[in-house]
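Asks: attaching a predicted model along with its sequence, questions to come.
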Amino acid sequence: QLQFVESGGGLVQPGTSLRLSCAVSGFDMSGYAIGWFRQAPGKDREGVSCISADDKKYYSDSVKGRFTISRDAKNTVYLQMNSLNHENTGVYHCAARWGECDLSKLSSYNFWGQGTQVTVSS
């Protein structure tokens with residue numbers, strides 16, 4: 001059964017860290033890029049980070065230097081988020097795209113998970 005399951009969200013204070021996980025099952029990730037996306041309240045979903053099948057990594061300008069994407073050998077993709085701020089609040093989803101990463105083309109990603117809520121609040 002194909003599943004993309006996000007976890008690791010929570011309520012945190014500004015300046016702290018979280019690590020999100022995207023566990024993929026029932027799916028051969030070979031040849032696919034895996035992206036992380038954020039849906040903030042009242043805003044469109046936007047690309048945050050992506051890792052290609054050959055481990056090239058991409059980040060939006062707003063998280064570059066603070067967030068790190070990685071993957072392990074067990075089909076899990078992680079998003080380490082440091083120095084969180086209020087603008088990072090939202091529901092984080094992972095999804096797959098055949099070929100290379102392109103954070104601007106959300107419609108080209110498939111197999112979206114249900115998401116995990118991240119709330120940054122003092």
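Replies: Arrived safely, thanks for sending.
Asks: which residues touch residue 90?
Replies: Contacts for residue 90 (CB atoms under 8 Å, 6 or more residues apart in numbering) come out as 38, 39, 40, 41, 43, 117, 118. No exception for glycine: its C-beta is placed from N, CA and C like everyone else's.
Asks: isn't the second one right next to residue 113, touching?
Replies: No: applying CB atoms under 8 Å as the test, residue 39 and residue 113 come out as separate, 11.9 Å apart.
Asks: give me the common contacts of those two.
Replies: Shared contacts of residue 39 and residue 113, defined by CB under 8 Å, 6+ apart, comprise residue 93.
Asks: these two: who's more crowded?
Replies: Each of residue 39 and residue 113 has its neighbours counted (other CB atoms under 10 Å); residue 113 has more, 19 against 15.
Asks: so the more buried one makes contact with residue 22?
Replies: Yes: between residue 113 and residue 22 there is a contact at 6.6 Å, judged by CB under 8 Å.
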